[in-house]
Structure formats: C-alpha cells, structure tokens
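In: Need coordinates for the following:
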Amino acid sequence: MTPMPAPGTPSRRSLRFGIFQQVCIATVLGLILGLASPALAAETGWATDLFLHLIIMAVGPLLFCIIVTGITGAGSLRTVGRLGIRALIYFEAMTTLVLLLSVGAALLIRPGAGMNLTTTASDSRTVASYAGNAHLLHSQGLTGFLLSLVPHSPASAFAEGNILQILFFAILFGCCLSQIGPAGAPVVRLVESLSVLFSQMMKYIIAVAPLGVFGAVATTTSRYGPEAIIRLGAFTLLYFVAIVAFVVIILGSCLAACGIRPLKFLRYFREELLIVAATTSSDAVLPSIMTRLETLGVSRQVVGLVVPAGYSFNLDALSIYLGFAVVFLAQVTGTHLTWTQMITMLLTALVTSKGAHGVPGIAIVVLAATLAAIPSIPVASLVLLLAVDWFIGIARAVGNLAGNCVAPVVIAAWEGQLDRERAAEVLGYASRPGDQTA
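Out: Residues are numbered from 1 along each chain as shown. Below is the predicted model of the structure:
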C-alpha cells in the first residue's frame, strides 16, 4: 500500500513545478543574470543553441509522420484535396488581409517620423549576409520558388531541415501510400509508430525549454542592455500592440464565429504561448498544440494537415511585421513610396514570406528580399532593426502560433468537423443548445 503523506506535509506531486512555472522562473533568472553579470550571461548562449538544435533534429521527421498519417487517415484524396484547397484559401486571405492592414496602420501612425538614419559602409557590411540571402530569394522569383519545393533527394530535405521540401515530399508520399491499398498497410503502421516515437522525443526535448529560455534571456539582456532597446522602443511597442489587436480582434472574431469563446481558448494554450514567447520558436510546441486541438474537438484529419502546412504558409505575424517594417524604414530614410512601389512590395512579401518559418534571422532575410523590390530604400537600413529583432521575434512567434491554433478551428468548422460541445466541455463553459459537430 502506498503510504499517505503526513498531515500538513505537502505531497511530492504538489511540490513539482509545471513547465509554465519553470519557464517563468528561468525568464526571471536570465534577466537578473543579464543585468548583474553581462560577461557571465554572454557565456550561456550554448543553452539556447542546444535547445534549438534538439528541436531542429526532431521537427522534420515529426512533421513528415504527421502529414503522412493525416493523409492516409483522411480516407480519400478527394478529402485531402478539399482540405488543402480550403486551408490555402484561408491562409492567403488572412495573410493578405493583415499585410494590408499593417501597411495602412503604419502609414497612418508614422512610427518612423522624426528619425533620420544615414547608412554607413559599416551598416552595409553588417547586413551583407542577410542581403545576399535575400538576393537569392528575390532573384529566383515565382518559378524559382516552385522549383525549390522539390528536394534533390528526400535525405537532403531532412538533412537541411527544409520544411517546405519536407512538406512536399510528405504530401507526395502520403498520397501515393493511400493509393496502393493493402500493400501499404505495413508502411502506414510504421509511420504511425514513428509519429508516436517522435512525439515522445519532443516531450523530452520540451523538458529542456526552461534551460533554453534562461540562456536566451540572459544573453540577449547582456548583449543589448536596456539602453539600446529604448532606441526602437516605439516601433517595438507598436508591433506588440498590433499583434495583440490581431489576436484579440481578428482571431477572436474568427473563434466567436465558430462558436468558441476566445478568452477561454487563449487560456487553454497559455503554456505553449509562454514557451514560444520566451524562445521565439514554435517548433517545440508543435506536438502539444496538435494534441490539444484534437482534445478540443477538432478533427484529427484537419489537425494533421492544417497545422503543419500553416507553419510554412500561415505566418500572419510575419506579414504584419513586413508591412510595418517597410513603411518604418521608408520613413526613417526619407524615402517616398509610390502606390506602384507599395503594391510591388505587397506582392513580393506574399511570395518571399512562404516557407520562412523556423530559420534563425529569416525575418530579416525576408525583409531584405522585400526591400529588393523597392531599391529606393537602402538595404543597409536594416541595421536599425537588427538590434531589436529578437524582441520583435517574441511577438512575431506568438502571433504566428496563435494564427496556427485558430486556423484548424476555422477549417474544421468550415468542413463540419468541429465538435462544439466537446470544445465547451474542455474549455469549461456551458454550450448552447444545438451546439454539436457542425
């Protein structure tokens, strides 16, 4: 018989801190170390690198397994095709909407007014690597983007961690596997087992998240210091406000239209949102949000297809950032943008932002690719945003994750595969009469 704890003595379980509390403590400790001992804090960057390397190691195989099992479990390619088309329609509509709204808001608020930036040769050298990568993105155009979806070999896609190529190969693999009938049954079972395996691996990796958070906060604080961040405080604050408005107003409206209470939904994903805010990476919480969405009453087929695809195609917060940043840099460099240039910029941003998930510094690369469509804005002006990119990345990662939590709910409601009664039960509120799978 298991001994009972003595009266007044807390049990061992009650003394354990969950991941939420651990990340909060790690964040505070990292901030304290960064301010008290910058030299020592600068040496803790390995903790964040270790955490991110572990994520990159496991996320590719996990995405592959999730997509393949989602396709084979959908029952027919017609179902997969319908889900895919509806998901892409939603992704493009949402990213285009937020990009237009962000540009309009930036033109109205004028966050760069009063600042005058004159770029130097040193600035050009600082952003040279980003601009070089951006040149590749921009010069290849749409045809280059389409060709880049096809890997030289499946092994190279996994070795390079190219999410778009892994998605392409997984979709092709899953479609073919679903068509070969009983001959593919052993492979289906193998992929399902591997999916469970890599999900378990991610659970172990996420346990290291507090260590990664501690290193990220400590090194960033020691490197930039509070004074350097104040320089771009207005722009950073504006972006944070924009992400909050996006989550509360736009995503909240989408959830309400689907019969889900937004505040309850947000609280349901609070641990994942905190981890992403602290690490600026949403890869580690991928298995967790998929499990939570299924528990919430979203069809497994919808979750298995929409969430992984959204990680590459539904980057709403990145689109908001591009709209704000281009207008901001135009204002601080005194560049007048014509309507033709604005339209060109918007179209370029919609293309270059695809597949921009999970790569360190990719937001600066995509921004440089977008600026390449508007040569009148000096690319060297990007140096102004490099100093606060990590802080902006907090809101960017949270906004992208929030968008990819809401997208499956919308698609499931569109497909009639959302169990609203189940959602009400899980989120802890009373459902209205007639709220069923619809």
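
In: what about the nearest residue to Leu337 once chain neighbours are set aside, how many residues close to it?
Out: In space, and not counting its chain neighbours, Leu337 is closest to Ala330: 5.3 Å by C-beta to C-beta, 6 or more residues apart in numbering. All C-beta atoms are positioned from the backbone trio N, CA, C, and that covers glycine. The tally of other residues near Ala330 (other C-beta atoms under 10 Å) stands at 23.

In: quick one: contacts for Ala41?
Out: Ala41 makes contact with Gly30, Leu33, Gly34, Ala218, Thr219, Thr221, Ser222, according to C-beta atoms under 8 Å, 6 or more residues apart in numbering.

In: where's it relative to Phe391, distance?
Out: According to C-beta to C-beta, to the nearest Å, Ala41 and Phe391 sit 16 Å apart.

In: The stretch 301-438 of the chain: helices as residue ranges?
Out: 316-332, 339-352, 362-371, 383-386, 389-415, 420-427 (DSSP state H, counting those that start in this stretch).

In: Can you say which of the ones you listed is nearest to Arg300?
Out: helix 389-415 (10.1 Å; C-beta to C-beta).

In: tilt between that closest one and helix 316-332?
Out: Helix 389-415 runs at 140 degrees relative to helix 316-332, counting by axes from the mean of the first three to the mean of the last three C-alpha atoms, to 10 degrees.

In: Now do the buried residues in the lengthiest helix in the chain.
Out: Scanning the chain for the longest helix, with DSSP state H as the assignment, gives helix 77-109. Of the residues in helix 77-109, 79-80, 83-84, 86-87, 90-91, 94-95, 98-99, 101-103, 105-106, 109 count as buried by neighbour count, 16 or more other C-beta atoms under 10 Å.

In: what packs against it?
Out: Applying 3 or more C-beta pairs under 8 Å, 6 or more residues apart in numbering; DSSP states H and E, one finds that helix 77-109 contacts helix 163-179, helix 233-245, helix 300-313, helix 316-332, helix 339-352, helix 389-415.

In: ranking the ones you listed by mean pLDDT, which is last?
Out: Among these, helix 339-352 has the lowest mean pLDDT, at a mean of 73.

In: now the angle between helix 316-332 and that helix, please.
Out: 150 degrees.

In: Kindly calculate the angle that helix 339-352 makes with helix 77-109.
Out: 140 degrees.

In: From the chain's centroid, how far away is stretch 320-332?
Out: Computed by C-alpha atoms, centre = their mean, to the nearest Å, the separation of stretch 320-332 from the middle of its chain amounts to 20 Å.

In: Please apply the same query to stretch 203-222.
Out: 17 Å.

In: do stretch 243-255 as well
Out: 16 Å.

In: I would like the residues contacting it, please.
Out: Applying C-beta under 8 Å, 6+ apart, the contact partners of stretch 243-255 are 94, 97-98, 261-262, 265-266, 316-317, 320, 395-396, 398-399, 402-403, 406, 409-410.

In: could you flag which of these are buried?
Out: By 16+ other C-beta under 10 Å, these give 94, 98, 261-262, 265-266, 316-317, 320, 395-396, 398-399, 402-403, 406, 409-410 as buried.

In: Now Val298: phi and psi?
Out: Backbone torsions of Val298, given as degrees, to the nearest 10, read phi -90, psi 130.

In: quick one: low-confidence ranges for the stretch 151-300 of the chain?
Out: Along the stretch 151-300 of the chain, the model assigns pLDDT under 70 to residues 163-164, 220, 224-232.

In: and with 50 instead?
Out: 228 (pLDDT under 50).

In: Stretch 290-309: which residues count as buried?
Out: For stretch 290-309, by 16+ other C-beta under 10 Å, it's 290, 292-294, 296-299, 301-309.
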